[in-house]
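Colleague: Need a 3D model of the sequence below.
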Amino acid sequence: MSDKLVIIPTYNEKENIQAIIEAAMQVDRAFDILIVDDNSPDGTPKIVQELINTYPNRLHLEVRTIKDGLGRAYVHGFKWALKNNYQYIFEMDADFSHNPNDLPRLLEALEKGADLAIGSRYSNGVNVVNWPMQRVLLSYFASKYVRLITSLPVHDATAGFIGYRSEVLKTLDLEKILFKGYGFQIEMKYKSWVKKFKLQEVPIIFTDRTKGESKINGNIIGEAVFGVIELRLRNLFKKL
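Modeller: Take a look at the predicted model:
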């Protein structure tokens with residue numbers, strides 16, 4: 001068993017799941033993987049279950065009975081990781097928009113003193129491949145907006161390729177995480193920063209999925225826009 005865990009939330013990812021697991025298992029450093037599946041009807045959990053025989057003690061599966069958002073899936077994974085004493089805990093998408101070969105770079109940032117390592121699309125220009133310009137602009141200016149409202153010193157506030165030291169997740173009250181989509185990613189970074197943890201951005205190239213369907217919708221984006229104001233106000237009134 002490694003002390004490093006990659007959490008991959010899934011819903012209907014049968015086109016990607018085997019390939020992403022195999023790719024993550026082959027990176028230079030040894031990472032365990034936890035798939036948190038929201039009861040996918042397309043057979044994703046069955047594929048993972050079969051692969052567990054190939055990667056015993058390194059690949060794990062948690063199937064939730066309710067589909068209530070990315071944030072809830074990650075919180076489920078965080079609790080599992082802490083219960084099983086992992087020291088370094090990572091978020092990664094199942095669709096190869098995050099390159100598993102970048103995991104060691106995030107880990108290195110944590111080992112060198114960062115508490116939260118952010119795989120950043122915007123810390124060194126705009127490094128996004130295959131996204132429509134509308135999506136690029138929406139994401140880029142969302143991060144600018146977050147920085148304006150909260151003063152969070154991060155170029156890519158909605159980034160979802162993240163590494164945490166376990167101390168961060170132990171310190172944050174996971175029961176009080178409010179948001180589910182983009183808002184969740186902003187909330188985790190903002191609360192970590194407010195708690196004086198060290199955030200470090202690691203430049204990555206983000207590549208949009210080529211298989212399966214995106215889970216982004218208007219409600220998730222709206223949550224981020226209004227959620228940022230709520231986070232700022234809660235901090236001002238010491239309600240975080």
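Colleague: From now on I want contacts and neighbour counts done on CA atoms only, so please keep to that.
Modeller: Fine.
Colleague: how about Glu15, secondary structure?
Modeller: Under DSSP: H, G, I helix; E, B strand; the rest coil, Glu15 falls in the coil class.
Colleague: Test for you: state the pLDDT assigned to it.
Modeller: Glu15 is assigned 95 on the pLDDT scale.
Colleague: and it, how far is that from Leu137?
Modeller: Distance from Glu15 to Leu137, counting by C-alpha to C-alpha, to the nearest Å: 28 Å.
Colleague: do Phe161 as well
Modeller: 19 Å.
Colleague: who has more neighbours, the two?
Modeller: For Phe161 versus Leu137, the count of surrounding residues by other C-alpha atoms under 10 Å is larger for Phe161: 25 against 13.
Colleague: Enumerate every residue touching the more buried one.
Modeller: Taking C-alpha atoms under 8 Å, 6 or more residues apart in numbering, we find Phe161 in contact with Phe90, Glu91, Met92, Asp93, His98, Ile118, Gly119, Ser120.
Colleague: switch the cut-off to 7 Å
Modeller: Glu91, Met92, His98, Ile118, Gly119 (C-alpha atoms under 7 Å, 6 or more residues apart in numbering).
Colleague: quick one: the helices in the protein?
Modeller: All helices of the chain, identified by DSSP state H, fall at 17-25, 44-52, 70-83, 103-111, 133-150, 166-171, 182-194, 218-236.
Colleague: what is the mean pLDDT for stretch 135-152?
Modeller: Mean per-residue pLDDT for stretch 135-152: 84.
Colleague: helices and strands of this structure: which one bottoms out on pLDDT?
Modeller: When each helix and strand of the chain is scored by mean pLDDT, DSSP states H and E, helix 218-236 comes last, with a mean of 73.
Colleague: sorry, back to before: tell me which of the helices of the chain is the most buried.
Modeller: With neighbours defined by mean count of other C-alpha atoms under 10 Å, none of these is more surrounded on average than helix 182-194, at a mean of 22.
Colleague: CA-only coordinates of that one, as CSV, when you get a sec.
Modeller: Extracted in CSV, the C-alpha atoms of helix 182-194 (Å, rounded to 0.1, in the frame of the first residue of the first chain):
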residue,chain,number,x,y,z
TYR,A,182,-16.9,24.5,-9.9
GLY,A,183,-17.9,26.1,-6.6
PHE,A,184,-16.5,23.1,-4.7
GLN,A,185,-13.1,23.5,-6.3
ILE,A,186,-13.0,27.2,-5.4
GLU,A,187,-14.3,26.5,-1.9
MET,A,188,-11.5,24.0,-1.1
LYS,A,189,-8.8,26.4,-2.3
TYR,A,190,-10.3,29.4,-0.5
LYS,A,191,-10.8,27.6,2.8
SER,A,192,-7.3,26.2,2.6
TRP,A,193,-5.8,29.6,2.0
VAL,A,194,-7.9,31.2,4.8
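Colleague: tell me the angle it makes with helix 133-150.
Modeller: Angle between the axes of helix 182-194 and helix 133-150 is 40 degrees (criterion: axes from the mean of the first three to the mean of the last three C-alpha atoms, to 10 degrees).
Colleague: who does helix 182-194 touch, helix- and strand-wise?
Modeller: helix 218-236 (3 or more C-alpha pairs under 7 Å, 6 or more residues apart in numbering; DSSP states H and E).
Colleague: Put the buried members of the contacts of Phe161 into a ChimeraX selection.
Modeller: Applying 16 or more other C-alpha atoms under 10 Å to the contacts of Phe161 leaves a buried subset, and the ChimeraX line that selects it is:
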select :91,92,98,118,119
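Colleague: Could you provide the contacts of Phe161 in TSV, with additional columns for pLDDT and distance to Pro45?
Modeller: Formatted as TSV, the contacts of Phe161 follow (pLDDT from 0 to 100; distance: C-alpha to C-alpha, whole Å):
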residue	pLDDT	distance to Pro45
Glu91	98	18
Met92	97	17
His98	95	21
Ile118	98	28
Gly119	97	27
